[in-house]
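Asks: From the sequence below, what's the structure:
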Amino acid sequence: MSTLDSITTGAQVGALLPLLTAIVQRPAWSTEVKKVVAVVLALAAGVFTVAASGGWEQFQHGALTFATLATVLAASQSTYDLIWKPSKVAPVIESVTSPKRPEQAG
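Replies: Purely as a prediction, here's the structure:
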């Protein structure tokens, strides 16, 4: 896998990752906890992306591995801030997938 392929794949995964992260996030969590969860999920998605696109041997290539991890993280954070949060898509997913407290059940 080339560096360009690695960056392209990482950007694609990162662009969609906020929608999957919204399923895990909860509205009541603090901003700090949400940030930590988002970063951990982005790094995990980056590791999965490296393994899926080049197999476990791909981790021997440090520059490609780092480029993919960094791209997934950057793409996920920027698309969340620029697209998914302002459009209210990610916050709606977060709200809909969060368990209801007894006083909210209706």
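Asks: only C-alpha atoms for contact and neighbour calcs from this point on.
Replies: OK.
Asks: buried stuff in stretch 76-90?
Replies: Ser76, Gln77, Thr79, Tyr80, Trp84, Ala90 (16 or more other C-alpha atoms under 10 Å).
Asks: Closest to Leu19 out of these?
Replies: For the buried residues of stretch 76-90, the residue nearest Leu19 by C-alpha to C-alpha is Ala90; the value is 5.7 Å.
Asks: Check the secondary structure at the closest one for me.
Replies: helix (DSSP: H, G, I helix; E, B strand; the rest coil).
Asks: which ones are touching it?
Replies: Pro18, Leu19, Ala22, Tyr80, Trp84 (C-alpha atoms under 8 Å, 6 or more residues apart in numbering).
Asks: Kindly state the pLDDT recorded for the residue nearest the centre of the chain?
Replies: By C-alpha atoms, centre = their mean, the chain has its centre lying nearest to Leu17, at 3.5 Å. pLDDT, Leu17: 97.
Asks: out of everything not next to it in sequence, what's closest to it?
Replies: Ser76 (5.8 Å; C-alpha to C-alpha, 6 or more residues apart in numbering).
Asks: Distance of that neighbour relative to Lys34?
Replies: Computed as C-alpha to C-alpha, to the nearest Å, the Ser76 to Lys34 distance reads 13 Å.
Asks: circling back: among the contacts of Ala90, which lie within helices?
Replies: Among the contacts of Ala90, the members found in helices (DSSP state H) are Pro18, Leu19, Ala22.
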